[in-house]
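J.: Have a look at this fold, sequence not included:
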């Protein structure tokens with residue numbers, strides 16, 4: 001029997017767990033007086049509060065899910081479902097049904113973001129029900145739901161101002177169908193629910209019909225991408241003077257000119273201070289503050305483009321980077337010292353909590369300079385925000401922005417805040433990132449005369465970065481998936497959606513020639529197949545290794561100073577772990593020699609390669625667990641036996 005950890009708080013001694021059957025028979029007034037209980041001495045709130053949304057009610061000890069406020073109660077007030085109406089009617093209302101369903105939904109472990117979307121869906125459902133069935137008993141409607149086909153048309157509407165003629169996306173339409181599906185799914189747990197499936201057991205995507213396919217994000221041409229990155233790096237490299245002048249303008253020089261009295265011995269007025277600062281800018285080669293601000297905006301845009309282009313991170317991840325995001329770590333592998341550089345941040349794509357999940361992006365060490373310059377630029381902004389925040393707190397103004405301002409003070413990308421009434425430097429949003437990228441591309445096209453596209457969205461950098469890595473000789477699908485924080489499946493699914501099989505086709509068509517090239521490379525260590533990496537490829541440490549997986553890529557880049565990390569407990573770099581008895585075509589996607597399937601034909605001619613591979617694996621086994629070493633031993637033994645049999649036959 002399903003049990004919810006609810007306690008009756010109106011009694012002094014009665015604190016009993018209630019079963020779902022008992023809960024169904026309670027009225028709304030009785031539920032209001034229920035307490036969810038305590039966890040570690042802290043009250044979890046009552047049924048009518050919003051605190052219970054942040055805990056899992058699974059029969060075990062309740063655990064904190066988030067310390068952020070969802071403001072659930074305020075959003076329900078917008079439904080115009082007052083407590084007095086519920087008390088007067090005394091029957092099951094939409095207000096109670098929405099709260100019960102969302103309560104049960106959160107018990108299933110969904111995220112706060114999903115819960116917010118479903119709460120908005122309940123609001124739309126209520127608006128529709130009120131327009132067509134106002135005055136009708138909700139329980140009566142549940143027993144015989146009417147006009148559901150009209151609701152399918154209703155959910156397509158965009159209720160925002162000035163958008164009455166537009167339609168919402170298919171995903172949002174599916175969210176708006178959730179109230180009906182929940183009323184049927186939880187029918188045994190609710191006081192009253194739908195007795196039959198609302199649309200004949202069809203899924204929401206099927207009910208909505210054909211889904212319009214959106215055009216997949218384009219990639220930037222390689223020549224244009226190189227020009228963009230080079231131009232961005234040039235702007236960042238030449239920005240020291242503008243950053244120093246900007247900080248002096250708002251800090252030391254402004255304070256100095258403000259404290260300098262006029263010829264009459266009076267305190268300078270605002271216009272006098274402005275004229276003095278204007279003269280200061282002219283002395284340093286800027287005809288106005290707008291010119292300096294334009295150069296600062298270009299620097300910020302170039303820094304954002306470099307990080308987006310060289311990491312492939314999402315806009316939300318760029319916005320959440322902290323001022324101390326750049327990290328370095330020293331590692332050892334086979335008595336070789338390596339230094340890895342990465343950006344420590346947060347990813348939100350697959351996170352269940354609004355705070356996101358920690359993630360690392362491997363980056364070139366040159367990005368350290370970009371991070372340092374951004375922090376120098378934002379130093380005066382953080383100080384001004386700190387002073388303005390104290391002023392607002394003293395005056396009791398802009399209270400809703402206090403928390404965001406404190407968090408933004410630790411962010412890497414913050415706005416200047418001068419154009420806002422509150423004068424606080426807030427963290428960049430997606431719109432700001434897009435505007436910075438647009439400004440940068442317009443500058444390259446109009447003022448620099450470079451042949452680059454005028455319109456480039458931030459997500460195009462992510463897709464272009466992935467395309468270049470996946471198609472490069474050192475590319476690895478596994479490394480790309482780790483870099484991009486894709487958790488749902490293999491990274492190739494991300495690029496094959498929407499009919500884009502370009503990467504897979506390229507890999508499969510070139511598979512046979514690649515296998516032959518691997519054999520030739522192993523026999524001739526000085527071959528320049530690996531992109532002219534020089535001595536690093538032909539050295540003893542890397543001569544017999546296959547550079548087409550993420551772990552070898554890390555090792556090689558460490559050797560040549562690229563700033564990648566080596567994991568000591570990894571298996572051999574050219575042998576894929578067996579997953580459910582097969583490699584699931586990972587060998588094709590990662591372009592490696594495989595002994596788990598027939599995609600790659602292994603002949604006695606490859607014995608030197610596999611002998612070297614076995615030697616490396618045995619060396620790694622001393623420092624950690626190595627997967628697949630038994631298979632390689634068996635393979636080497638079989639290849640040696642084949643060579644002996646061939647020699648005996650020849651004699």
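T.: Received it, and whenever you're ready, just let me know what you need. Given the structure is predicted, the values throughout are model-derived calculations rather than measurements.
J.: Can you show me the strands along the stretch 201-350 of the chain?
T.: Using DSSP state E, counting those that start in this stretch, the strands of the stretch 201-350 of the chain run over 326-333, 336-347.
J.: worst average pLDDT in these?
T.: The weakest mean pLDDT among the strands of the stretch 201-350 of the chain belongs to strand 326-333, with a mean of 71.
J.: okay, and for the stretch 101-250 of the chain, where does confidence drop off?
T.: 106-113, 116, 160-165, 210-217 (pLDDT under 70).
J.: Any regions of the stretch 351-500 of the chain where pLDDT drops low?
T.: The model of the stretch 351-500 of the chain has pLDDT under 70 over residues 351-355, 468-500.
J.: How is the protein divided into domains?
T.: For the chain, the structural domains run 1-69, 71-211, 222-320+366-447, 492-650, going by automatic domain parsing.
J.: how far does the third one stretch from start to finish?
T.: Think domain 222-320+366-447. One end of domain 222-320+366-447 to the other measures 21 Å (Cα to Cα, to the nearest Å).
J.: in the stretch 501-650 of the chain, what spans have low per-residue confidence?
T.: Residues of the stretch 501-650 of the chain that meet the cut-off, pLDDT under 70, sit at 501-603, 605-606, 621-628, 650.
J.: what about 80?
T.: 501-610, 612-613, 616-632, 634-635, 638-639, 642, 645-650 (pLDDT under 80).
J.: could you point out which element follows the longest helix seen in the chain?
T.: Ranked by number of residues, the top helix in the chain under DSSP state H is helix 367-395. Using DSSP states H and E, the helix or strand that follows helix 367-395 in sequence is helix 402-408.
J.: packing partners for that next one?
T.: Here helix 402-408 touches helix 367-395, going by 3 or more Cβ pairs under 8 Å, 6 or more residues apart in numbering; DSSP states H and E. All C-beta atoms are positioned from the backbone trio N, CA, C, and that covers glycine.
J.: List the buried residues for the helix it packs on?
T.: By neighbour count with 16 or more other Cβ atoms under 10 Å, helix 367-395 contains the buried residues 367, 370-371, 373-374, 377-378, 380-382, 384-385, 388-389, 392.
J.: Stretch 636-644 now?
T.: Quick answer for stretch 636-644 (16+ other Cβ under 10 Å): 636, 639.
J.: Same question for stretch 135-150.
T.: Across stretch 135-150, burial judged by 16+ other Cβ under 10 Å covers 138, 141, 142, 145.
J.: Local confidence estimate at residue 65?
T.: On the pLDDT scale, residue 65 gets 36.
J.: same check, this time on the one 5 residues further on
T.: In this model, residue 70 is scored at 33, pLDDT.
J.: Please apply the same query to the one 5 residues further on.
T.: We note a pLDDT of 34 for residue 75 in this prediction.
J.: which ones are touching residue 342?
T.: 326, 327, 328, 329, 360, 361, 362, 363, 563, 565 (Cβ atoms under 8 Å, 6 or more residues apart in numbering).
J.: Could you look up the SS state of the fifth one?
T.: Of the three states, residue 360 takes strand according to DSSP: H, G, I helix; E, B strand; the rest coil.
J.: Residue 340 is in contact with that one, correct?
T.: No. Assessed by Cβ atoms under 8 Å, residue 360 is found out of contact with residue 340, at 9.3 Å.
J.: and residue 197, that one's in a helix?
T.: No. The assignment for residue 197, made by three-state DSSP, is coil rather than a helix.
J.: Skip the chain neighbours and tell me the closest residue to it.
T.: residue 184 (5.6 Å; Cβ to Cβ, 6 or more residues apart in numbering).
J.: separation between that neighbour and residue 323?
T.: Residue 184 is 50 Å from residue 323, where distance means Cβ to Cβ, to the nearest Å.
J.: Please apply the same query to residue 426.
T.: Taken as Cβ to Cβ, the span from residue 426 to residue 323 is 14 Å.
J.: between those two, who's got more neighbours?
T.: residue 426 (20 against 17; other Cβ atoms under 10 Å).
J.: wait, residue 249 sits on residue 277?
T.: Yes. Applying Cβ under 8 Å, one finds residue 249 in contact with residue 277, separated by 6.4 Å.
J.: Now list whatever residues contact both of these two.
T.: Both residue 249 and residue 277 are in contact with residue 289, where contact means Cβ under 8 Å, 6+ apart.
J.: residues contacting residue 282?
T.: Contacts of residue 282 by Cβ under 8 Å, 6+ apart: none found.
J.: Could you rerun that using 10 Å?
T.: residue 288 (Cβ atoms under 10 Å, 6 or more residues apart in numbering).
J.: okay, now residue 104: neighbour count?
T.: By other Cβ under 10 Å, neighbour count at residue 104 equals 18.
J.: Return the residues in contact with residue 439.
T.: 294, 297, 298, 300, 301 are the contacts of residue 439 under Cβ under 10 Å, 6+ apart.
J.: returning to what we had before: what separation do you get for the residue nearest to residue 197 and residue 345?
T.: Computed as Cβ to Cβ, the residue 184 to residue 345 distance reads 41 Å.
J.: again with residue 288
T.: Residue 288 is 36 Å from residue 345, by Cβ to Cβ.
J.: So between the two, which is more surrounded?
T.: Per other Cβ under 10 Å, whichever of residue 288 and residue 345 has more neighbours is residue 345, with 22 against 11.
J.: Skipping adjacent residues, who's closest to the more buried one in space?
T.: In space, residue 345 is closest to residue 321, 5.0 Å off (Cβ to Cβ, 6+ apart).
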